[in-house]
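# can't give you the sequence, but here's the structure:
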């Protein structure tokens, strides 16, 4: 009897081995990122100039949910530190996710915070800033000051390390290239800033995603100065930019002013990854268009 029972158990085990479905392979891990220069601080030509904190937060949250790519990481430039809490609340309300928000206030030439102009009711909005917001992830933030012209605002890289994904995301807003900023022959500050941005984004054992408003036109665009275009070339060699099409190192324009349009905003991901890019239409809110990346590692 025991022998018969043993044979039945073995037969059942064999049947399970044949009929049980094979394990389903998980898809490639993905990360969705958005970058946007909100133009909220001191530029009176933009619709978000002097917008209150609630409006700033809600506007960004709307862009984080109304496009085909819904980011879990958001890079902002020309935001205002006084709107950080409003941004966190608006993102949570619209996405149902928990967000960590970190900002860095740009210092002026005197070392004091470079202030956003007050809102339309005269209330202070804090300092002009770069921002990193991350959803539903254990995250560590780090700030790395960049070499900047001492006569204008300081610049920095703001990085988020996501240990659960083994991903490092860094955002920045580089010197502008205007006459009162990095306009010297050879674009010396932006050249060094790009080099240091790439160095801070690269961490052993982690995949790097970085970008923001780099204030440099692409190498093959013909826009801006040749020196500035050369400054961004190393990033194109070491990474793939989400909006690059074909062999030309360029992409759709992301910025418009009285001088015309050009690409100034970027999102770079490692070579060998699958990337999808989306670019929102320009609106009167800002002189920059939000740029989105979905990367599959």
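That came through, no problem. In this text, all values refer to a predicted model and were calculated from it rather than measured experimentally.
# Going by residue numbers, what spans are helices in the stretch 51-200 of the chain?
Using DSSP state H, counting those that start in this stretch, the helices of the stretch 51-200 of the chain run over 53-63, 84-95, 188-201.
# Looking at the ones you listed, which is nearest to residue 104?
Ranking the helices of the stretch 51-200 of the chain by distance to residue 104, with C-beta to C-beta as the measure, places helix 84-95 first at 10.8 Å. For the C-beta atoms, the positions are set from N, CA and C on the backbone; glycine is no exception.
# What are the buried residues along that closest one?
Across helix 84-95, burial judged by 16 or more other C-beta atoms under 10 Å covers 84, 86-91, 94-95.
# Ok, stretch 237-246 next?
Across stretch 237-246, burial judged by 16+ other C-beta under 10 Å covers 239-244.
# Name the nearest residue to residue 42, sequence neighbours excluded.
Nearest residue to residue 42, sequence neighbours excluded (C-beta to C-beta, 6 or more residues apart in numbering): residue 117, at 5.5 Å.
# Max pairwise distance over the buried residues of stretch 237-246: which two?
239 and 243 (12.7 Å).
# what residue ranges in the stretch 101-250 of the chain score low on pLDDT?
Counting by pLDDT under 70, the stretch 101-250 of the chain contains no low-confidence segment.
# All the strands of it, residue numbers only.
Listed in chain order, the strands of the stretch 101-250 of the chain (DSSP state E, counting those that start in this stretch) span 128-135, 140-146, 155-162, 167-173, 207-213, 239-241.
# Could I get those in CSV, plus columns for distance to residue 49?
Below are the strands of the stretch 101-250 of the chain laid out as CSV (distance: least, C-beta to C-beta, whole Å):
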stretch, distance to residue 49
strand 128-135, 11
strand 140-146, 25
strand 155-162, 21
strand 167-173, 16
strand 207-213, 16
strand 239-241, 29
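# Out of these, which is the most enclosed?
Looking across the strands of the stretch 101-250 of the chain with neighbours counted as mean count of other C-beta atoms under 10 Å, the highest average goes to strand 167-173: a mean of 26.
# Can you tell me what sits against that strand?
Residues outside strand 167-173 that contact it (C-beta atoms under 8 Å, 6 or more residues apart in numbering): 31, 33, 35, 37, 73, 75-78, 106, 130-132, 134, 146, 155-162, 193, 197, 200-203, 206-215, 297.
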